[in-house]
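**Student:** kindly return the folded structure for what I paste below:
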Amino acid sequence: MGVIHKIGRRKCAVARVYVSEGTGKITVNKREFNNYFPTATLQYKVLQPLSMTENATNFDVKVNVYGGGSTGQAEAVRMAIARAMCEVEAENRAILKPEGLLTRDPRMVERKKFGQKKARKRFQFSKR
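**Tutor:** Okay, the predicted model is just below:
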């Protein structure tokens with residue numbers, strides 16, 4: 001099979017995933033998966049495409065991820081792994097596509113406008 005290389009993105013996070021046959025070991029930025037994503041929610045997001053396709057113990061996953069926050073990084077990794085699972089076996093696409101794991105989430109942070117406190121929030125107006 002060799003090594004499958006895929007890229008996933010979410011907000012400003014970019015994840016490069018290298019999937020090869022193995023025992024189910026996941027390393028993120030040369031750290032153990034459970035240490036890099038400490039909360040159960042983030043771990044569930046990352047493992048979602050592997051568990052849905054029943055490949056959690058069949059492949060070793062090596063991840064390089066940068067940019068964004070922890071949630072954006074976890075979702076970028078999820079997208080990259082889902083893309084790799086589609087390349088492993090074509091039937092996996094029918095499983096992952098309805099769940100929205102192959103769709104790039106286009107939402108980005110709205111920029112701050114001048115004369116305002118944040119993107120939408122205005123400065124308080126006081127009438128004396």
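**Student:** residue 95 in helix, strand or coil?
**Tutor:** helix (DSSP: H, G, I helix; E, B strand; the rest coil).
**Student:** same check on the one 10 residues further on?
**Tutor:** Classification of residue 105 using three-state DSSP returns coil.
**Student:** residue 65 now?
**Tutor:** Classification of residue 65 using three-state DSSP returns strand.
**Student:** need the contact list for it.
**Tutor:** Residues near residue 65 by C-beta atoms under 8 Å, 6 or more residues apart in numbering: 13-16, 28-29, 73, 76-77. Bear in mind the C-beta positions are built from the backbone N, C-alpha and C, glycine included.
**Student:** repeat the analysis, applying 6 Å as the threshold.
**Tutor:** 15, 73, 77 (C-beta atoms under 6 Å, 6 or more residues apart in numbering).
**Student:** need the strands for the chain, in chain order.
**Tutor:** Using DSSP state E, the strands assigned to the chain run over residues 4-10, 13-21, 26-28, 31-32, 59-66.
**Student:** now the fourth one: how far from the chain's centre is it?
**Tutor:** Distance of strand 31-32 from its chain centroid, counting by C-alpha atoms, centre = their mean, to the nearest Å, is 16 Å.
**Student:** partner strands of it, parallel or antiparallel?
**Tutor:** strand 26-28 (antiparallel) (DSSP bridges).
**Student:** quick one: mean pLDDT over the strand it pairs with.
**Tutor:** Strand 26-28 shows a mean pLDDT of 94.
**Student:** and what of stretch 42-61?
**Tutor:** Computed over stretch 42-61, the mean pLDDT rounds to 91.
**Student:** could you export it as PDB, CA atoms only?
**Tutor:** What follows is stretch 42-61, C-alpha atoms only, in PDB (Å, rounded to 0.1, in the frame of the first residue of the first chain):
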ATOM      1  CA  LEU A  42     -11.000  16.600  20.500                       C
ATOM      2  CA  GLN A  43      -9.900  12.900  20.600                       C
ATOM      3  CA  TYR A  44     -13.400  11.800  19.400                       C
ATOM      4  CA  LYS A  45     -13.200  14.300  16.500                       C
ATOM      5  CA  VAL A  46      -9.800  13.000  15.400                       C
ATOM      6  CA  LEU A  47     -10.800   9.300  15.700                       C
ATOM      7  CA  GLN A  48     -14.200   9.800  14.000                       C
ATOM      8  CA  PRO A  49     -13.300   8.800  10.400                       C
ATOM      9  CA  LEU A  50     -11.200   5.800  11.600                       C
ATOM     10  CA  SER A  51     -14.000   4.500  13.800                       C
ATOM     11  CA  MET A  52     -16.700   5.000  11.200                       C
ATOM     12  CA  THR A  53     -14.800   3.100   8.600                       C
ATOM     13  CA  GLU A  54     -13.700   0.500  11.200                       C
ATOM     14  CA  ASN A  55     -10.000   1.000  10.600                       C
ATOM     15  CA  ALA A  56      -9.000   2.300  14.100                       C
ATOM     16  CA  THR A  57      -6.400  -0.500  14.600                       C
ATOM     17  CA  ASN A  58      -5.400  -1.100  11.000                       C
ATOM     18  CA  PHE A  59      -3.400   2.000  10.200                       C
ATOM     19  CA  ASP A  60      -0.600   4.100  11.800                       C
ATOM     20  CA  VAL A  61      -1.200   7.900  11.400                       C
END
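**Student:** thanks a lot, catch you later.
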